[in-house]
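In: Predicted structure and sequence below. I'll ask about it afterward.
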Amino acid sequence: MTITVVNLNSSIANLNRDVDKEIEKELRARSLKAFADVKLMTPVDTGQARNSWYIGYTERYFDGEGSSSNITIITPKDKPQEIIVTNGVTYIQFLNNGHSKQAPIKFIESAFRKYFDSVEVEVTNG
């Protein structure tokens, strides 16, 4: 008995593409669930902190040699380099550090650890 496989390289490429697509769908689904959780866990006084959550995708575009810029976009691309969740209020880090009795300390990390093994929270000035 002889088995001949035709277009093996094409089949492997299609399989790799399908696997990448499924991983991407799972990444997006987990990100959206974590986003919803962190939003619900955010303490509310005026509602500004809860309403200031944003989810976006970052892609890197190159404008020639050595020049690059990060562009945050709202619509999903095929392969975002990162899915970023941000909150623009200046006091979100204080809420995350336990300055409100409405949420536990590190509630942001807690919301994301339900869906991801590794979580990095970065505080920036803009």
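Out: That came in fine, so what should we check first? Numbering: from 1, shown residues only.
In: Contact partners for the closest residue to residue 88 other than its chain neighbours?
Out: Take residue 88 and drop its neighbours on the chain: the residue closest to it by C-beta to C-beta, 6 or more residues apart in numbering is residue 52, 4.9 Å away. Where C-beta positions appear, they are placed from N, C-alpha and C, glycine not excepted. For residue 52, the residues meeting the contact criterion (C-beta atoms under 8 Å, 6 or more residues apart in numbering) are 87, 88, 89, 92.
In: what about the last one, neighbour count?
Out: Meaning residue 92. Summarising burial for residue 92: neighbours were counted as other C-beta atoms under 10 Å, giving 20.
In: likewise the third one?
Out: By other C-beta under 10 Å, the residues close to residue 89 number 16.
In: and it, that one's in a strand?
Out: No: assigned with DSSP: H, G, I helix; E, B strand; the rest coil, residue 89 falls outside any strand and is coil.
In: That one contacts residue 50, doesn't it?
Out: No: Residue 89 is not in contact with residue 50 according to C-beta atoms under 8 Å; the separation is 9.4 Å.
In: in what helix or strand does residue 50 lie?
Out: Assigned by DSSP states H and E, residue 50 belongs to helix 48-51.
In: Check residue 86 too.
Out: Secondary-structure assignment from DSSP H and E places residue 86 in strand 82-87.
In: in that strand, what's buried?
Out: In terms of neighbour count (16 or more other C-beta atoms under 10 Å), strand 82-87 has its buried residues at 83, 85, 87.
In: Many thanks, have a good one.
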